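Chemist: sharing a model that was predicted from the sequence below.
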Amino acid sequence: MANWTQLGLQDASSPLMEELIYFHDYTLIILTLITILVFYGLASLIIPSNTNRFFLEGQSLETIWTIIPAIILVFIALPSLQLLYLIDEVNNPFLTIKAIGHQWYWSYEYADYRDLEFDSYMTPTNELTVGNPRLLEVDNRLTLPSQTPIRVLVTSSDVLHSWTVPSLGIKMDAVPGRLNQVNFFISRCGLFYGQCSEICGANHSFMPIVIEAINFSSFENWVSNFLNE
């Protein structure tokens, strides 16, 4: 049975994803109006009894179908350029994480803390507990504070990977020998799931990402417990 809730975008958990969803809906309205107009024009030409001679030829028609698409492109380009700026903006991050892609798992390093690093492997199906999603749960979650500016430096040790968390609006390629940067702000506490979105080999679909967002005081306790283990 189909799950209709999976047809749309995931609920936004960051300001960036909220803007991406707004831009998606805004552009979809424009595309719907264009589609209706085009089908009306085609129907006027195909159905002989309903032919509108305005759609056949004329200087006015050519002027309209040149100017209107240009105006539409401007209305689409302006918010998209704003989004591109927001994606690349750096706001003095409080925490920096280095995410390294391997075949086929992720490893994380907390750059602001000494000796705080670990590998994150997918949890095998036979080890899952009730409530854990299949192919998405990991043995070590990336624990981060909510309501805090965070920067992630993404790279790879072997082939191309892609560090992707849809509900946060994040998709950054992991390229060997290169550091790519992505910044985000988690709006609420919770679990956020993602996967490698690059075809990186045989086990490409077994590189899940799990971010556990907690409040800042709980994050400090987690760091203290991890370093004291």
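Modeler: Here it is on my side, so go on.

Chemist: please make it C-alpha for all contacts and neighbour counts, starting now.
Modeler: OK.

Chemist: SS state for residue 109?
Modeler: Classification of residue 109 into helix, strand or coil gives strand, according to DSSP: H, G, I helix; E, B strand; the rest coil.

Chemist: list the contacts of the closest residue to it other than its chain neighbours.
Modeler: In space, residue 109 comes closest to residue 117 once its chain neighbours are excluded; the distance is 4.3 Å by C-alpha to C-alpha, 6 or more residues apart in numbering. The neighbourhood of residue 117, defined by C-alpha atoms under 8 Å, 6 or more residues apart in numbering, consists of 107-110.

Chemist: taking those residues together, which two end up most distant?
Modeler: 107 and 110 (10.4 Å; C-alpha to C-alpha).

Chemist: can you list the buried residues in the longest helix seen in the chain?
Modeler: Counting by DSSP state H, the longest helix found in the chain is helix 15-46. By 16 or more other C-alpha atoms under 10 Å, the buried positions in helix 15-46 come out as 16-21, 23, 41, 44-45.

Chemist: ok, now stretch 83-98?
Modeler: Buried positions in stretch 83-98, judged by neighbour count with 16+ other C-alpha under 10 Å: 83, 87, 95-98.

Chemist: which of those residues fall within helices?
Modeler: Helix and strand membership here follows DSSP H; of these, those in helices are 83, 87.

Chemist: where is pLDDT lowest across the buried residues of stretch 83-98?
Modeler: Checking pLDDT across these, the minimum falls on residue 87 at 82.

Chemist: who's in contact with that residue?
Modeler: Residue 87 sits next to 16, 182-183 when contact means C-alpha under 8 Å, 6+ apart.

Chemist: so, low pLDDT: which residues of the chain?
Modeler: When residues are selected by pLDDT under 70, those of the chain lie in 1-6, 48-58.

Chemist: do a quick rundown of the strands in it.
Modeler: Under the criterion DSSP state E, strands of the chain are mapped to 95-102, 105-110, 117-120, 142-145, 149-156, 161-165, 170-174, 180-185, 190-196, 208-214.

Chemist: show the backbone phi and psi for the residue sitting nearest the centre point of the chain.
Modeler: Against the mean C-alpha coordinate of the chain, by C-alpha atoms, centre = their mean, the closest residue is residue 169 at 3.2 Å. In terms of degrees, to the nearest 10, the main-chain angles of residue 169 are phi 70, psi 30.

Chemist: please renumber so the chain begins at 39
Modeler: All right, first residue 39 from here; so that's residue 207.

Chemist: returning to that earlier point: from residue 267, how far off is the residue nearest to residue 147?
Modeler: Residue 155 sits 13 Å away from residue 267, going by C-alpha to C-alpha, to the nearest Å.

Chemist: same check on residue 123?
Modeler: Applying C-alpha to C-alpha, the value for residue 123 to residue 267 is 41 Å.
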